[in-house]
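> I would like to see how this sequence folds:
(one chain, ligands or ions: 3)
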Amino acid sequence: MPQHVGIIMDGNGRWAKKRGLPRTAGHTVGANNFRTITKYCSNIGIPYLTVYAFSTENWKRPADEVQALMKLFRQYLEEALRDFQEENIKVIFLGDKSGFAPELQELIERTEKASAQKTGMVLNIAMNYGGRDEITKAARELAQEVKDGRLSVEEIDEKAISDHLYTAGQPDPDLIIRPSGERRISNFLLWQSAYAEYVTMDVLWPDFKPKDLEKALDEYAMRNRRFGGV
Ligand code: IPE
Ligand code: IPE
Ligand code: MG
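Residues are numbered from 1 along each chain as shown. Ligands and ions are numbered 1, 2, ... in the order given. All right, here's what the predicted structure looks like:
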């Protein structure tokens, strides 16, 4: 069983197009599925789950799609997070919160605070998240510490960098699942995924069921992880 699973929730737009619906309809169904799969992961005892909900590059999309996504985030943070509370799930947001409207930022902060003491699964929601942006942020913070005389150059090691990422203190992902048929990383957990096992699947995110997650876990169990050793 992996300690940390990452999921790139991809394929909402194609799911909707296939049905002659606007892309935003796919996002609504995808958001519902986020709730289902999160609960499932919590129930089977996965300690850390990271879901990729919105990348630093997704702002490039048409304004109406971005707007619809922001609206969904507001709704889902209100609703889904209420039931995550009952499931003892601790919610952490990965990404640059300052990019969101003040109202959404406040909701994000409220959610993190409300669940900070939870002891069950840690759910990381990557929103306005980019792996490069995250590493850049870490570099800036470390440079500032050196400049202020709080850190020496020699003290900058892999742990120091990890400690400045949004996932500070968490184990690296063991398994990253990408539905939708795309076989790329799209700026997700670049540093943390150095030795993650990738499983790509041809199912679109709104159709991704607990049985697909089980399939990915089975595939993971068959992998021989070597971490550069023999
Ligand atoms: C993932 O689905 C959701 C977000 C990126 C917010 P997409 O919207 O990327 O769906 P496709 O890849 O276009 O089908
Ligand atoms: C990655 O999917 C981001 C999320 C699922 C949130 P994209 O749909 O944005 O990735 P590309 O553009 O296909 O690489
Ligand atoms: Mg996509």
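> which SS class is residue 166?
coil (DSSP: H, G, I helix; E, B strand; the rest coil).
> which helix or which strand is home to the nearest residue to residue 124 once chain neighbours are set aside?
Using CB to CB, 6 or more residues apart in numbering and skipping the chain neighbours, the partner closest in space to residue 124 is residue 50 (4.0 Å). From N, CA and C alone the C-beta is placed, and that goes for glycine too. Under the criterion of DSSP states H and E, residue 50 resides in strand 48-55.
> part of a strand, is residue 5?
Yes: the assignment for residue 5 (three-state DSSP) places it in a strand.
> distance of it from residue 198?
From residue 5 across to residue 198, the span is 12 Å (CB to CB, to the nearest Å).
> okay, those two: which has more neighbours?
residue 5 (25 against 19; other CB atoms under 10 Å).
> show me the beta-bridge partners of the residue nearest to residue 124.
Residues in a beta bridge with residue 50, per DSSP bridges, are residue 6, residue 124.
> what's the burial count for it?
By other CB under 10 Å, 26 other residues sit near residue 50.
> same thing with residue 228?
Other residues lying near residue 228 total 6 when counted by other CB under 10 Å.
> and it, which of the three is it?
coil.
> report the separation between it and ligand 1.
Residue 228 is 32 Å from ligand 1, where distance means CB to the nearest ligand atom, to the nearest Å.
> dihedrals phi and psi, that residue?
With angles defined as degrees, to the nearest 10, residue 228 sits at phi 90, psi -10.
> what ranges does this structure have for its strands?
Ranges of strands within the chain are 4-8, 48-55, 90-94, 122-129, 175-178, 197-200, based on DSSP state E.
> residue 146: which of those strands is closest?
Closest to residue 146 of these is strand 90-94 (CB to CB; 24.8 Å).
> the closest one vs strand 122-129, what angle?
Put simply, strand 90-94 runs at 20 degrees to strand 122-129, going by axes from the mean of the first three to the mean of the last three CA atoms, to 10 degrees.
> how about the residues of this protein near ligand 2?
8-10, 52-55, 58, 182, 184, 186 (CB under 6 Å from any ligand atom).
> tabulate the residues you listed (TSV), appending distance to ligand 1.
Formatted as TSV, the residues of the chain next to ligand 2 follow (distance: CB to the nearest ligand atom, whole Å):
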residue	distance to ligand 1
8	8
9	6
10	5
52	8
53	6
54	5
55	7
58	5
182	7
184	11
186	9
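> wait, which of these is closest to residue 140?
Once CB to CB is applied, the member of the residues of the chain next to ligand 2 that ends up nearest residue 140 is residue 55, at 19.9 Å.
> got the contact list for that closest one?
Residues near residue 55 by CB atoms under 8 Å, 6 or more residues apart in numbering: 126, 128-130, 186-188.
> low-scoring stretches of this structure, by residue?
Counting by pLDDT under 70, the chain contains no low-confidence segment.
> repeat the analysis, applying 90 as the threshold.
76-86 (pLDDT under 90).
> so the strand holding residue 50 versus strand 4-8, what angle?
Using the same axes, to 10 degrees, strand 48-55 lies at 20 degrees relative to strand 4-8.
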